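Undergrad: Pasting the sequence and the predicted coordinates here, then a few questions.
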Amino acid sequence: MELGTTLTRFLVEQQRKYKGATGDFTGLIADIATAAKVISREVNQAGLIDILGYQGVENVQGESVQKLDRFANELFIKVLSHTGHLIGIVSEEMEDILQIPKSAPKGKYVFLMDPLDGSSNIDVNISIGSIFSIYRRISEGDRATDEDFLQPGRNQVCAGYVIYGSSTMLVYTTGHGVHGFTLDPGIGEFLLSHEGIKIPSRGKIYSINEAYDALWDDAVCRYVSQAKQEKKTARYVGSLVADFHRNLMKGGIFLYPKDKSHLEGKLRLLYEAAPLAYIVEQADGAASTGTTRLLDVVPEKLHQRTPLIIGSLEDVRQAETFFKS
Ligand code: P6P
């Protein structure tokens, strides 16, 4: 019986293939996968054991439950703090940098995450996701500093996401292409299902929340009507990882531009837009603020927001002509 290529085997093969590969990511990604398996189980059971996003409510076993996004945040921290690869963590769920505890070995990377994006969709069984990003630290000494995290996205050394949907998939890049692994819950292994993902250069899908059309800049209005004239079809889940993953697989463009009520856009630069931008460029797609390559944006604040136009290369380039005119 052919088992297929497990994540661990693939990571070891990749490490052998690229002489520069230090093996640091092998451990880190394996640990991320461990956390993803646990979160997948909780997400899939959420409807059964009342962890439907309530804070401090007791579940049927009489245990007090956390909101799943806080649960996911604490789980990733627990799993990653002792790898010896990290010096600090930034999360959508935490205001400040989390320093790796004194008792744990320290490493040369910083880890950024949105531990469970779109968690409000759990209650209605819509796919949600975890997004992560890894940089080499810049500072020296025994603590991580803001400068370690406020790096342009082009400095990333690893980025990925987990999508908890009809199946659970881990998709990541370390700069040598984008690879997807599907969780086989029967054996608890992520198996290689999409090696060397490339996004189609143009897609038939555009993805934007048209409820905000009265708030859009003129450029957005003109681009969206162009998309309609080209008979693109509209798809909008309202869960970033789900919308991104569909476009990565099928081709298309996702837009969350700034508007009169989202003055800088809604999505977070460091742990939502930048990791997805790194992935999409590795898959021969593009990501932009509308006027600037997303990976060239130099962050000023840990939780700053950004406009995001991301997906098929030709679609993003066409959209940029509207934003730049
Ligand atoms: P809107 C989910 O809350 C989220 O952060 C992303 O996953 C998603 O793309 C976006 O917000 C949806 O925002 O304003 O369209 O509801």
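TA: Sure, I can see it.
Undergrad: So for the most centrally placed residue in the chain, what pLDDT did the model give?
TA: The C-alpha lying nearest the average C-alpha coordinate of the chain belongs to residue 131 (Cα atoms, centre = their mean; 2.7 Å). For residue 131, the pLDDT comes out at 98.
Undergrad: Begin at 10 from now on, thanks
TA: In the new count, where the first residue is 10, that last one comes out as residue 140.
Undergrad: element containing it, please.
TA: strand 137-145 (DSSP states H and E).
Undergrad: So the chain: which segments form each domain?
TA: Structural domains assigned to the chain are 16-203, 214-333, following automatic domain parsing.
Undergrad: coming back round to it: relative to the strand holding residue 140, what are the paired strands and their orientations?
TA: With DSSP bridges as the test, strand 137-145 is paired with strand 118-126 (antiparallel), strand 167-173 (antiparallel).
Undergrad: I'd say residue 191 and residue 202 touch.
TA: Yes - with contact defined as Cβ atoms under 8 Å, residue 191 counts as touching residue 202 (4.1 Å). Where you see a C-beta, it was placed from the backbone N, CA and C, and this is true even at glycine.
Undergrad: Surely the residue nearest to the centre of the chain and residue 125 touch.
TA: No - using Cβ under 8 Å, residue 140 is not in contact with residue 125, being 9.4 Å away.
Undergrad: how about the residues of the stretch 110-259 of the chain near the ligand?
TA: Within the stretch 110-259 of the chain, the residues that sit near the ligand (Cβ under 6 Å from any ligand atom) are 126-127, 129, 218, 247-249.
Undergrad: Lowest-confidence entry in those?
TA: Minimum pLDDT across these falls on residue 129, with 75.
Undergrad: Setting the sequence-adjacent residues aside, check what's closest to residue 156.
TA: Excluding the flanking residues, the one nearest residue 156 by Cβ to Cβ, 6 or more residues apart in numbering is residue 147, at 5.2 Å.
Undergrad: Distance of that neighbour relative to residue 88?
TA: 25 Å (Cβ to Cβ, to the nearest Å).
Undergrad: Equivalent analysis for residue 188, please.
TA: 21 Å.
Undergrad: Looking at those two now, which is surrounded by more residues?
TA: Higher neighbour count among residue 188 and residue 88: residue 188, with 23 against 18, using other Cβ atoms under 10 Å.
Undergrad: Poorly predicted segments of this protein, please.
TA: Applying pLDDT under 70 to the chain picks out residues 10-11, 56-75.
Undergrad: list the contacts for the closest residue to the ligand within the stretch 10-159 of the chain?
TA: Closest approach of the stretch 10-159 of the chain to the ligand (Cβ to the nearest ligand atom) occurs at residue 127, with a separation of 3.9 Å. Listed by Cβ atoms under 8 Å, 6 or more residues apart in numbering, the contact set of residue 127 reads 135-138, 247-251.
Undergrad: Can you add neighbour count and give these back as TSV?
TA: Converted to TSV, those look like this (neighbours: other Cβ atoms under 10 Å):
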residue	neighbour count
135	15
136	22
137	27
138	31
247	12
248	22
249	26
250	26
251	23
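Undergrad: For residue 43, state which of these is nearest.
TA: residue 138 (16.8 Å; Cβ to Cβ).
Undergrad: hey, where'd the helices end up in the chain?
TA: 16-26, 33-54, 77-89, 155-158, 227-238, 249-259, 283-291, 322-333 (DSSP state H).
Undergrad: okay, the ones you listed, which one's buried deepest?
TA: Highest mean neighbour count of the helices of the chain: helix 283-291, a mean of 27 (counted as mean count of other Cβ atoms under 10 Å).
Undergrad: centre of the chain versus it, how much separation?
TA: 9 Å (Cα atoms, centre = their mean, to the nearest Å).
Undergrad: Touching it from outside, list them.
TA: Residues outside helix 283-291 that contact it (Cβ under 8 Å, 6+ apart) are 121, 140-142, 162-163, 165, 168-170, 180-182, 184, 186-187, 208, 249, 253, 257, 295-296, 303-304, 306, 317, 319-320.
Undergrad: Among those residues, name the buried ones.
TA: Applying 16 or more other Cβ atoms under 10 Å to these, the neighbour count classes 121, 140-142, 162, 165, 168-170, 180-182, 187, 208, 249, 253, 257, 295-296, 303-304, 306, 317, 319-320 as buried.
Undergrad: And stretch 207-226, what's buried?
TA: Neighbour-count burial for stretch 207-226, counted by 16+ other Cβ under 10 Å, picks out 208-209, 211-217, 221, 225-226.
Undergrad: again with stretch 305-314
TA: Within stretch 305-314, the residues that count as buried by 16+ other Cβ under 10 Å are 306, 308, 311, 314.
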